[in-house]
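Asks: Quick one, what's the 3D model for this:
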Amino acid sequence: MLDLWYKGAIIYCLDVEVYMDGNGDGVGDFVGLIDRLDYIAGLGINCIWLMPFYPTPNRDNGYDITDYYNVDPRLGTLGDFVEFTRQAEHRGLRVIVDLVVNHTSTDHPWFQASCKDKNSKYRDYYVWAEEKPENAEEGVIFPGYQDSTWTYNEEAGAYYFHRFYDHQADLNVANPQVREEIYKIMGFWLQLGVSGFRVDAVPFLIELEGIKDTAQAKDPLLFLKEIRNFLSWRRGDAIVLAEVNESMDKIADYFGDGDRMQLLFSFMGNQSLTLALAREEAAPLVNGLKAQPQPPDMGQWAYFVRNHDELTLDKLSDEEQNEVLQRFNQDKEQVWLYDRGIRRRFPPLVDNDPRRIRLAYSLMLTLPGTPVLFYGEEIGMGDDLSLEERHAIRTPMQWSNQQNGGFSTASSDELVRSVIDEEPYGYQTLNVIAQRRDPESLLNWIERAIRMRKECPEFGWGSCEFIDTDNPSVFAHCCQWKDGTVIAIHNLSGKSCVVQLDLKDRHVKCLTDILEDQPYEAIQEGSHEIELEGYGYRWFRVGGIHL
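Replies: Residues are numbered from 1 along each chain as shown. Predicted structure coming up:
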């Protein structure tokens, strides 16, 4: 029987170098992370996603890799990694790791060898052109920071293709030797205990810019099926969580018939959620979720409020993007990045309003899929806009009010990245220890909400239907699985209301509160009038509570 564990997973994304410093050198490491595994398990997390931790020149937060078979020495050793996976498994935590194989660093030995010798096998590991293509300025991923997708290398005497920065040369996945190398990389980390991979920039992994006349060119998506087959043979329960921000007419191809990627990030869901929260109207979220294809039985959407990159809004119109900025009172010159997104965490978008923060995460936890949290979201961390590009939201984890937020005992000038120290998001008041002591804190709420989410498998496993209400600001949906039914209702407006749910075709007699923003009077049997405070939410189980 297939183990679809990811349908009931709560995934927690973290960057080792800014999570916890175990040796006091100013850089987070695996020793520090091991020390925090009990904290992560205590949140109710059951899957950790590690951002890149491989050897790197670190010109792109570790996504420029020089060795796929090792650990960045700043972060520890392979021995430390194996001890980490062992300790994680002991606590019931699965581990998935970033698989960044659409490109390598130009410092990678493969690329260096490809430049030195045209006859080297590594020459065909990359994509080359004798003349600079006419479309070299088209399709750049980082406008304002990247001028071209083709760069001349003096030693090689040719132009190499790079969809991202010029220090990240694209691999030629049409080359069977490159694909074999990718399988070796996956097999290596599977052997060390990981349960799968978050695959970076999947559409660019399979694109064949500058590559012609190959069998791979006939069906680029075939490579995704090959990846899945490899995983199934090596470890039957291993998964792929794919970063795919494509149009809705293409996105289903990445699921296939359940034989390609198991999980896809819901960029449409995220952007629709952002617009709905900005407008305080349910329609954008309903329309966005309806626009997504239904995943196959083995497929699943992964939902998030924020991830480790900019808050991408590319699926919204220019007018809608500007509307989001205006309604969240954001200065476009300060926060807009790569002509497509906002480089802020969520709390600063809503003026740190605890009601709106909890509303957003209540929505994420009840949408029909797998929730993904980015480290620090559980305490409502802010950002540092003085840092460049995406680094604004990748500041060190804030553990206590001690030096450097408890992240490191090193001096502040030795830190890999500065800790936020300005109110209201400064570590002096916003930290794990302070929130543990406060029963009304976001941290304690997140723990309760995750626990209840895990007691409601219908949200992860079940079918979803939207429920009509008589209020345009109220989003209501119902998830059913086996003999269980749960209903979640969210008021996206700051105004309290009483809504009438249309449940006439669902034969609902009794609704039992299981999570809510404040105490309400019990629902009378047969009544479908629901009271909601401003930015309020209520989760119900149809019938009695299952214990």
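Asks: where in the chain is pLDDT low?
Replies: Scanning the chain with the threshold set as pLDDT under 70 gives 1, 209-218, 504-507, 524-527, 544-547.
Asks: Show me how it divides into domains.
Replies: Annotated domains of the chain cover 5-101+176-452, 109-170, 462-542 [automatic domain parsing].
Asks: Pipe these into TSV and attach mean neighbour count per row.
Replies: Yep, even glycine has a C-beta here, placed from its N, CA and C like the rest. TSV is the format used below for those (neighbours: other CB atoms under 10 Å):
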stretch	mean neighbour count
domain 5-101+176-452	19
domain 109-170	17
domain 462-542	17
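Asks: And Asp35, how far from Gly42?
Replies: To Gly42, Asp35 is 13 Å away according to CB to CB, to the nearest Å.
Asks: how about the helices in the stretch 51-200 of the chain?
Replies: Applying DSSP state H, counting those that start in this stretch to the stretch 51-200 of the chain gives helices spanning 78-90, 109-116, 176-191.
Asks: For the ones you listed, give me a markdown table that also has distance to Ala283.
Replies: Formatted as a markdown table, these follow (distance: least, CB to CB, whole Å):
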| stretch | distance to Ala283 |
| --- | --- |
| helix 78-90 | 41 |
| helix 109-116 | 49 |
| helix 176-191 | 42 |
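Asks: Among those, which comes closest to Ala522?
Replies: Among the helices of the stretch 51-200 of the chain, the nearest to Ala522 by CB to CB is helix 78-90 (41.3 Å).
Asks: quick one: the closest one to helix 176-191, angle?
Replies: Relative orientation of helix 78-90 and helix 176-191, computed by axes from the mean of the first three to the mean of the last three CA atoms, to 10 degrees: 60 degrees.
Asks: Dump helix 78-90 to PDB, restricted to CA.
Replies: C-alpha atoms of helix 78-90 as PDB (Å, rounded to 0.1, in the frame of the first residue of the first chain):
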ATOM      1  CA  LEU A  78      28.400  15.000   6.700                       C
ATOM      2  CA  GLY A  79      28.600  13.300  10.100                       C
ATOM      3  CA  ASP A  80      26.700  16.200  11.600                       C
ATOM      4  CA  PHE A  81      24.000  15.900   8.800                       C
ATOM      5  CA  VAL A  82      23.600  12.200   9.500                       C
ATOM      6  CA  GLU A  83      23.300  12.800  13.200                       C
ATOM      7  CA  PHE A  84      20.700  15.400  12.400                       C
ATOM      8  CA  THR A  85      18.600  13.000  10.300                       C
ATOM      9  CA  ARG A  86      18.900  10.300  13.000                       C
ATOM     10  CA  GLN A  87      17.800  12.700  15.700                       C
ATOM     11  CA  ALA A  88      15.000  14.000  13.600                       C
ATOM     12  CA  GLU A  89      13.700  10.500  12.900                       C
ATOM     13  CA  HIS A  90      13.800   9.700  16.600                       C
END
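Asks: which SSE is Glu281 in?
Replies: Under the criterion DSSP states H and E, no helix or strand holds Glu281.
Asks: how close does it get to Ser473?
Replies: Separation of Glu281 from Ser473 (CB to CB) stands at 6 Å.
Asks: can you list residues touching both of these two?
Replies: Common contact partners of Glu281 and Ser473 (CB atoms under 8 Å, 6 or more residues apart in numbering): Leu492.
Asks: which residue packs closest to the spatially most central residue of the chain, ignoring adjacent ones?
Replies: Taking CA atoms, centre = their mean as the criterion, Asn307 is the residue nearest the geometric centre of the chain, at 4.4 Å. Leaving aside its sequence neighbours, Asn307 sits nearest to Phe374 (CB to CB, 6 or more residues apart in numbering; 5.8 Å).
Asks: Hmm, the one you found is touching Ile11, no?
Replies: No: Phe374 lies out of contact with Ile11 (CB atoms under 8 Å); the separation is 9.8 Å.
Asks: what touches both of these two?
Replies: With CB under 8 Å, 6+ apart, Phe374 and Ile11 have no common neighbours.
Asks: What helix or strand is the closest residue to Leu313 other than its chain neighbours located in?
Replies: Leaving aside its chain neighbours, Leu313 sits nearest to Gln321 (4.9 Å; criterion: CB to CB, 6+ apart). For Gln321, the element it lies in under DSSP H and E is helix 318-327.
Asks: Residues in contact with that helix: which ones?
Replies: Contacts of helix 318-327 (CB under 8 Å, 6+ apart): 274-275, 278-279, 313, 316, 330, 332, 335-336, 342.
Asks: Go through the residues you listed and flag which are in helices.
Replies: Of these, the ones assigned to helices by DSSP state H are 274-275, 278-279, 332, 335.
Asks: what's the offset of the helix or strand encompassing Leu231 from the middle of its chain?
Replies: Assigned by DSSP H and E, Leu231 falls within helix 222-234. In terms of CA atoms, centre = their mean, to the nearest Å, the centre of helix 222-234 is found 22 Å from the chain centre.
Asks: what's the answer for stretch 495-511, then?
Replies: 33 Å.
Asks: Also stretch 431-441?
Replies: With CA atoms, centre = their mean, you get 25 Å for stretch 431-441.
Asks: And the nearest residue to Phe111 once chain neighbours are set aside, how far from Thr485?
Replies: In space, and not counting its chain neighbours, Phe111 is closest to Ala169: 5.2 Å by CB to CB, 6+ apart. Separation of Ala169 from Thr485 (CB to CB): 52 Å.
Asks: same thing with Gln87?
Replies: In terms of CB to CB, Gln87 sits 38 Å off from Thr485.
Asks: Equivalent analysis for Asn172, please.
Replies: Taking CB to CB, one finds Asn172 at 50 Å from Thr485.
Asks: follow-up on the earlier one: would you mind identifying the next helix or strand past the helix holding Leu231?
Replies: Helix 222-234 is succeeded, C-terminally, by strand 239-242 (DSSP H and E).
Asks: Determine how far the next helix or strand after that next one lies from the middle of the whole chain.
Replies: Note on strand 239-242: by DSSP H and E, the next helix or strand toward the C-terminus is helix 248-255. Its chain's average C-alpha position is 18 Å from that of helix 248-255, according to CA atoms, centre = their mean.
Asks: now what about helix 248-255, what contacts it?
Replies: 202, 221, 224, 242, 244, 246, 260-261, 264, 268, 291-293, 295-296, 299.
Asks: again, but for stretch 165-172
Replies: Counting by CB under 8 Å, 6+ apart, 57, 59-60, 63-64, 101-108, 111, 124-127, 142, 145-146, 148, 151, 160-163, 178, 204, 209, 211 sit against stretch 165-172.
Asks: centre of the chain versus that stretch, how much separation?
Replies: Distance of stretch 165-172 from the chain centroid (CA atoms, centre = their mean) equals 23 Å.
Asks: thought Tyr303 was touching Tyr361?
Replies: No: at 10.4 Å, Tyr303 and Tyr361 do not qualify as touching, with contact defined as CB under 8 Å.
Asks: Ok, which of the helices of the stretch 51-200 of the chain comes nearest Asn70?
Replies: Among the helices of the stretch 51-200 of the chain, helix 78-90 sits nearest to Asn70 (CB to CB), with 6.4 Å.
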